[in-house]
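> model the following, please.
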Amino acid sequence: MQIRSGKPPRTRQLAGSGWELSRAAGLRLQWMTHYLQHGRNAAFTCRHCGISRQTFYRWWRRSDPHNLATLEGRSHRPHRRRQPTWSAQLAERVLRLRRHYPRWGKDKLAVLLRRETPGVSTSMVGRILTDLQRRGVLVEPLRPAVLRRQRRRLRRRPWATRKPRFWPVRQPGDRVELDTKQVRPARGVLLQHFSARDVVSRWDVVQVHPQATAQTASQFLAALLRRMPFPVAALQVDGSSEFAAEFEQACQTRGLPRFVLPPRSPKLNGHVERAHRTPNEEFYEVTPDRWTVPELNGQLRAWERTYNTVRPHQALGYLTPQQFVAQWQSQRKDLKCH
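The predicted structure follows:
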């Protein structure tokens, strides 16, 4: 049954009923509650919760207010599993051969086995090997490439991780995306434009530097933390070199998580990728090309104030980021009073 009217049960009512939702299901319940409490505005709910419309509508159609188990993920485990058709003696023989020839695959092992036991198929040998590995009986020697990956994981930096799947994005500052791009403000001049965008309030901070290095990225980090009118909970960057080394150390010093995107995935940084277009159209294309870097940053700062405090944003219901943040702060005060 789909949710069509009314409000879903509140979390505190669930505690009395003895039903415990998983963390993922609890987040989905918050999506449905937000959707119903804000005029069934799916676009606003998706922006607020940081999810796609496809994801929201899939769970909306699946959910049932009288059966909260519908918000839990479904198991993809098959109903039936194929039962082994080989003897224990054959499995033992495969195990001995594989341990003796650890780099031989099922094809070569099947040829050896057929010399003693005709009729043994290559696919059966493959299934036996898979079963032995699944049960932990057969432990394969690691290849050099795997060993290198494992050593890299041991050196993995705690302040440069992938974003957790259910990282909450509900209020300004929960996730700020950073990126750089090259700009040519004048003939023969090539500079690096740094952008930061808060994904909830659309608050932007911009700055240019002669080069994109970890040092200049650290300077930009200090600037965005000063200019954003709310605390920043986490940063999201791509794997560029400017967002490593000194930049990573600056994040670690401030206790600021730094989520690094997988390679070749700019769509996951879509907010700040879109933010690059706006200063191109509204600043660089209409500003005379006579600057030094300090003069350019001064003009960019003035444009940034206009962008955040004057320019209406369609994604925010034609509010400015400043108005959106003010509304959010007012709602927080009201909630604290109650």
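
> quick one: low-confidence residue ranges for the stretch 201-338 of the chain.
Along the stretch 201-338 of the chain, the parts satisfying pLDDT under 70 run over 289-290, 335-338.

> domain map for the chain?
11-71, 88-134, 176-337 (automatic domain parsing).

> most tightly surrounded among the ones you listed?
Most buried of the domains of the chain, by mean neighbour count (mean count of other Cβ atoms under 10 Å): domain 176-337, with a mean of 17. C-beta: built from backbone N, CA, C; applies to glycine.

> in this protein, which spans are strands?
176-186, 189-198, 204-209, 235-237, 258-260 (DSSP state E).

> with just CA atoms, put the third one into CSV.
This means strand 204-209. The C-alpha coordinates for strand 204-209 follow below in CSV (Å, rounded to 0.1, in the frame of the first residue of the first chain):
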residue,chain,number,x,y,z
ASP,A,204,29.3,30.4,-2.5
VAL,A,205,32.9,31.5,-1.8
VAL,A,206,35.2,32.3,-4.7
GLN,A,207,38.9,33.3,-5.0
VAL,A,208,41.6,33.2,-7.6
HIS,A,209,45.3,32.3,-7.2
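
> who does it pair up with?
For strand 204-209, the paired strands and their directions (DSSP bridges) read strand 189-198 (antiparallel).

> residues in contact with the strand it pairs with: which ones?
With contact meaning Cβ atoms under 8 Å, 6 or more residues apart in numbering, strand 189-198 is reached by 172-173, 175-185, 203-212, 216-217, 220, 224, 228, 230, 232, 271-272, 275-276, 279, 289, 293, 296, 321.

> how far off strand 176-186 does that strand point, in degrees?
With axes from the mean of the first three to the mean of the last three Cα atoms, to 10 degrees defining the directions, strand 189-198 sits at 160 degrees from strand 176-186.

> avg pLDDT for strand 189-198?
Strand 189-198 comes out with an average pLDDT of 94.

> quick one: that strand to chain centroid distance?
Distance of strand 189-198 from the chain centroid (Cα atoms, centre = their mean, to the nearest Å) equals 22 Å.

> what of stretch 37-47?
On Cα atoms, centre = their mean, the centre of stretch 37-47 falls 21 Å from the chain's centre.

> which residue ranges form the helices in this structure?
11-17, 23-37, 42-49, 53-62, 88-100, 106-116, 122-134, 144-154, 214-227, 246-253, 270-275, 277-279, 293-309, 321-337 (DSSP state H).

> which residue is nearest the middle of this protein?
Lys163 (4.3 Å; Cα atoms, centre = their mean).

> right, and that one touches Gln236 too?
Yes. Counting by Cβ atoms under 8 Å, Lys163 does reach Gln236; the two are 6.3 Å apart.

> what touches both of these two?
Common contacts of Lys163 and Gln236 (Cβ under 8 Å, 6+ apart): Arg175, Phe259.

> check the gap between the closest residue to Pro84 other than its chain neighbours and Leu95 for me.
Leaving aside its chain neighbours, Pro84 sits nearest to Asp131 (6.7 Å; criterion: Cβ to Cβ, 6 or more residues apart in numbering). In this view, Asp131 and Leu95 are 10 Å apart by Cβ to Cβ, to the nearest Å.

> swap in Val176?
As defined by Cβ to Cβ, Val176 lies at a distance of 53 Å from Leu95.

> repeat for Arg162
Going from Arg162 to Leu95 by Cβ to Cβ gives 37 Å.

> picking up where we left off before, looking at the helices of the chain, which is closest to Arg74?
helix 53-62 (8.8 Å; Cβ to Cβ).

> between the two ends of stretch 260-267, how far is it?
13 Å (Cα to Cα, to the nearest Å).

> scratch that, stretch 245-258 is what I was asking about
12 Å.

> likewise for stretch 190-209?
Using Cα to Cα, first and last residues of stretch 190-209 are 10 Å apart.

> related to what we said a few turns ago, as a markdown table, the domains of the chain with distance to Arg80 would be great.
A markdown table is the format used below for the domains of the chain (distance: least, Cβ to Cβ, whole Å):
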| stretch | distance to Arg80 |
| --- | --- |
| domain 11-71 | 23 |
| domain 88-134 | 15 |
| domain 176-337 | 35 |
